[in-house]
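Participant: got a structure for you, letters missing:
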């Protein structure tokens, strides 16, 4: 029988391995969406058996890496300016910051898109989208954002437009250096009251 | 040795089976994105071995069904009015017609989204998007559509916005009966010169 005092040590090992796998996964997948599970295990300094023990499928691994990337993005977006600036300035600032984070994670999102349904990927963005919704509701209350479109649709449109820009840059159809301007122009055209 | 004269008959059988499988696949998948390969084989009146002979993976079957659905949609959209009406009226008409077709195929798209990358699904819409691009270029030339956004981006935005509406309706976040109005309002806000 395993002595009980070994368990915390084994759990700590497992947690360390999971953290190393997820960090290595993020590191490799933001550069190459085709990075293999074997490459990720090697970069994490764990065996493939250990990796598969924690993440039996590529979907499971990608969900964990996506969750980690989004957690880091949410920390970067945690700025009281979004709640304090007038809504039009706040939305432009949020568009540009969100795009920078999305662009950095563009290849990871391409990897996730190959194995996860769109709705599953969107689920990881719920916290970020709650901030967008708060800002939209404030802009509508202040009479500066249009009110003839449902706030939930404007939130969906913010998300879909940013993610489609990432795909357009990836496909070589949108100039990466023009993306922030294009997104700001597009979304302000939709959000601002006429 | 197979007598040569049997070959055309075997080829005709194969073509008939493929057509039946693809038609049955469209029929079932527009109702239920989880429709199984076995259900589709049964509805097509072929054995599962025959189905797997033509479509070894669910991806392959979904690509064929998607291709078929898009071909039918392109026939429905083949209307000279899009080239003859003034660009603002033409785009509104194209938004509403495209939405009707997309909404009808909404569950099939959800099924495709689970196994095919976004870029692969978009590829099947190239012909439909060529019509959108022609209309956008004409509207920009006529000075009625904005010219500070690249036409390729406006095409991508048309596509991404319609497809995100399908996902929003599917997720219960957008009222299906309000979708055509929401899409028309959103896209005209982006397309029309200020």
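Facilitator: Sure thing, it's come through. Computed from a predicted structure; not experimentally measured. Numbering: from 1, shown residues only, chains lettered A, B, ... in the order given.

Participant: Please enumerate the helices of chain A.
Facilitator: Counting by DSSP state H, residue ranges of the helices within chain A are A:6-29, A:37-44, A:48-54, A:58-76, A:81-84, A:87-104, A:106-115, A:118-123, A:126-141, A:151-170, A:179-191.

Participant: Using JSON lines, lay out those together with mean pLDDT.
Facilitator: Output for the helices of chain A, formatted as JSON lines (pLDDT from 0 to 100):
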{"stretch": "helix A:6-29", "mean pLDDT": "90"}
{"stretch": "helix A:37-44", "mean pLDDT": "96"}
{"stretch": "helix A:48-54", "mean pLDDT": "96"}
{"stretch": "helix A:58-76", "mean pLDDT": "95"}
{"stretch": "helix A:81-84", "mean pLDDT": "90"}
{"stretch": "helix A:87-104", "mean pLDDT": "96"}
{"stretch": "helix A:106-115", "mean pLDDT": "94"}
{"stretch": "helix A:118-123", "mean pLDDT": "94"}
{"stretch": "helix A:126-141", "mean pLDDT": "96"}
{"stretch": "helix A:151-170", "mean pLDDT": "97"}
{"stretch": "helix A:179-191", "mean pLDDT": "98"}
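
Participant: Now for residue A:71, how many residues are close by?
Facilitator: 11 (other Cβ atoms under 10 Å in any protein chain shown). C-beta: built from backbone N, CA, C; applies to glycine.

Participant: so which of the helices of chain A gets nearest chain B?
Facilitator: Among the helices of chain A, the nearest to chain B by Cβ to the nearest Cβ is helix A:151-170 (3.5 Å).

Participant: what angle sits between the closest one and helix B:179-191?
Facilitator: 50 degrees (axes from the mean of the first three to the mean of the last three Cα atoms, to 10 degrees).

Participant: ok and helix A:151-170 relative to helix A:87-104, angle-wise?
Facilitator: Angle, helix A:151-170 to helix A:87-104, by the same axes, to 10 degrees: 40 degrees.

Participant: mind listing what's buried in helix A:151-170?
Facilitator: Going by neighbour count (16 or more other Cβ atoms under 10 Å in any protein chain shown), the buried part of helix A:151-170 is A:151-170.

Participant: Check stretch A:175-194 too.
Facilitator: Residues of stretch A:175-194 classed as buried: A:179, A:180, A:182, A:183, A:184, A:185, A:186, A:187, A:188, A:189, A:190, A:191 (neighbour count, 16+ other Cβ under 10 Å).

Participant: Then stretch A:13-25?
Facilitator: By neighbour count on 16+ other Cβ under 10 Å, the buried set for stretch A:13-25 is A:17, A:18, A:20, A:21, A:22, A:24, A:25.

Participant: circling back: out of the buried residues of helix A:151-170, which touch chain B?
Facilitator: Among the buried residues of helix A:151-170, the ones lying near chain B by Cβ under 8 Å from any Cβ of the partner chain are A:152, A:153, A:156, A:157, A:159, A:160, A:161, A:163, A:164, A:167, A:168, A:170.

Participant: Relative to residue A:48, which of the residues you listed is nearest.
Facilitator: The shortest approach to residue A:48 among those belongs to residue A:170, at 28.6 Å (Cβ to Cβ).

Participant: okay, now residue A:38: neighbour count?
Facilitator: Neighbours of residue A:38 (other Cβ under 10 Å): 10.

Participant: In this structure it contacts residue A:47, no?
Facilitator: No. Contact criterion Cβ atoms under 8 Å: residue A:38 and residue A:47 do not qualify, at 10.1 Å.

Participant: tell me the domain ranges of chain A?
Facilitator: According to automatic domain parsing, chain A comprises the domains A:1-56, A:62-191.

Participant: How far away from the center of its chain is the shortest one?
Facilitator: The chain centroid and the centroid of domain A:1-56 are separated by 21 Å, computed with Cα atoms, centre = their mean, to the nearest Å.

Participant: wait, does that domain make contact with chain B?
Facilitator: No. Using Cβ under 8 Å from any Cβ, we find that domain A:1-56 stays clear of chain B, coming within 9.7 Å at best.

Participant: winner for burial among the domains of chain A?
Facilitator: Comparing the domains of chain A by mean neighbour count (mean count of other Cβ atoms under 10 Å in any protein chain shown), domain A:62-191 ranks first with a mean of 18.

Participant: Now do the same contact list for the most centrally placed residue in chain A.
Facilitator: With distances taken as Cα atoms, centre = their mean, residue A:70 lies nearest the centre of chain A, 4.1 Å away. Residue A:70 sits next to A:124, A:125, A:127, A:128 when contact means Cβ atoms under 8 Å, 6 or more residues apart in numbering or on different chains.

Participant: With that, I have no additional questions.
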